[in-house]
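Peer 1: A structural model of the following input is requested.
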Amino acid sequence: MSFNIQVAIASTRTRHYLTHSWKHILPHSQCLDNLDRIAQVVGDYDIVGLQEVDGGSLRSHFINQVEYLAQHGSFPFWYNQTNRNLGKFAQHSNGILSRFKPSEVTEYKLPGMMPGRGALMARFGSHDHSLTLFLVHLALGKRARQYQLDFVGELVSDYSHACVMGDFNCSLDSEEMRRLFANTDLCAPEETHLTFPSWRPARNIDHILTTSAVQVNEVKVVNQALSDHLPIAMEICLPQAPGAD
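Peer 2: As a prediction, this is how the structure comes out:
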């Protein structure tokens, strides 16, 4: 699953970007209740990539939201990547929740004019059939996204069984995404899945992409409006390594 949780702010109307804007700076009473609801949703999955989480600051009651969701969703392994550190006011982060222990976790800084975007890589297994997952939250600007997708594309090219998930801030038919598909073994999904805004989905900007060696059984949008994005989920199957359990 990939889920942009908007720091546990449950926006359900366009006007909430204005009326709830203070929640991006100050703590609010609904934060923990919404985190608990999010934990219930993500708890049904084996691996979850989170965007727009707070690593522990004033606005999140100084709670690392990745750790909180791991505890309440019963994930034994979790990883937080803080990409924009504003001290006690905000810890802009990506996060991974997993029921499997990764054999490798690596943080990358994504290129761009404005710092503060990153990619988090987690590799599961060490044999030829291991799965390598890249979690991203890309820039709003097209030029920066292009640089970032070129960077991610180079990383992905080293792995046959790879998955890239996150908030790409662009649709599948955008110029930068078409270039990504042309330059890598990542496959363009057969269907378009609308995830934004959560109360009236009209844009497909949240994606889970896989290389051709990964068998995709199902892709779906989970209809849980707990953020301004809806989560997107995928069921995959990997070939079993010879002699593996």
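
Peer 1: From now on I want contacts and neighbour counts done on CA atoms only, so please keep to that.
Peer 2: Will do.

Peer 1: end-to-end on stretch 120-138?
Peer 2: Length of stretch 120-138, first residue to last, CA to CA, to the nearest Å: 12 Å.

Peer 1: ok, now stretch 90-109?
Peer 2: 18 Å.

Peer 1: Show me what the lengthiest helix in the chain packs onto, helices and strands only.
Peer 2: Ranked by residue count under DSSP state H, the longest helix found in the chain is helix 142-156. With contacts defined as 3 or more CA pairs under 8 Å, 6 or more residues apart in numbering; DSSP states H and E, the packing partners of helix 142-156 are helix 175-183.

Peer 1: Run through this structure and note the low-pLDDT ranges.
Peer 2: 13-23, 26, 239-245 (pLDDT under 70).

Peer 1: And the strands in this structure, which stretches?
Peer 2: Applying DSSP state E to the chain gives strands spanning 2-4, 47-54, 77-85, 91-98, 104-109, 118-124, 131-137, 162-167, 206-210, 215-221, 232-237.

Peer 1: Take these and write them to a markdown table, including distance to residue 178.
Peer 2: Listed next are the strands of the chain as a markdown table, based on distance: least, CA to CA, whole Å:
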| stretch | distance to residue 178 |
| --- | --- |
| strand 2-4 | 21 |
| strand 47-54 | 23 |
| strand 77-85 | 27 |
| strand 91-98 | 25 |
| strand 104-109 | 23 |
| strand 118-124 | 20 |
| strand 131-137 | 17 |
| strand 162-167 | 15 |
| strand 206-210 | 13 |
| strand 215-221 | 20 |
| strand 232-237 | 20 |
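
Peer 1: Now distance to residue 12 and mean neighbour count too, for those, in TSV please.
Peer 2: Output for the strands of the chain, formatted as TSV (distance: least, CA to CA, whole Å; neighbours: other CA atoms under 10 Å):
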stretch	distance to residue 12	mean neighbour count
strand 2-4	14	26
strand 47-54	17	25
strand 77-85	26	19
strand 91-98	22	25
strand 104-109	32	14
strand 118-124	27	21
strand 131-137	21	25
strand 162-167	18	24
strand 206-210	18	25
strand 215-221	17	14
strand 232-237	18	16
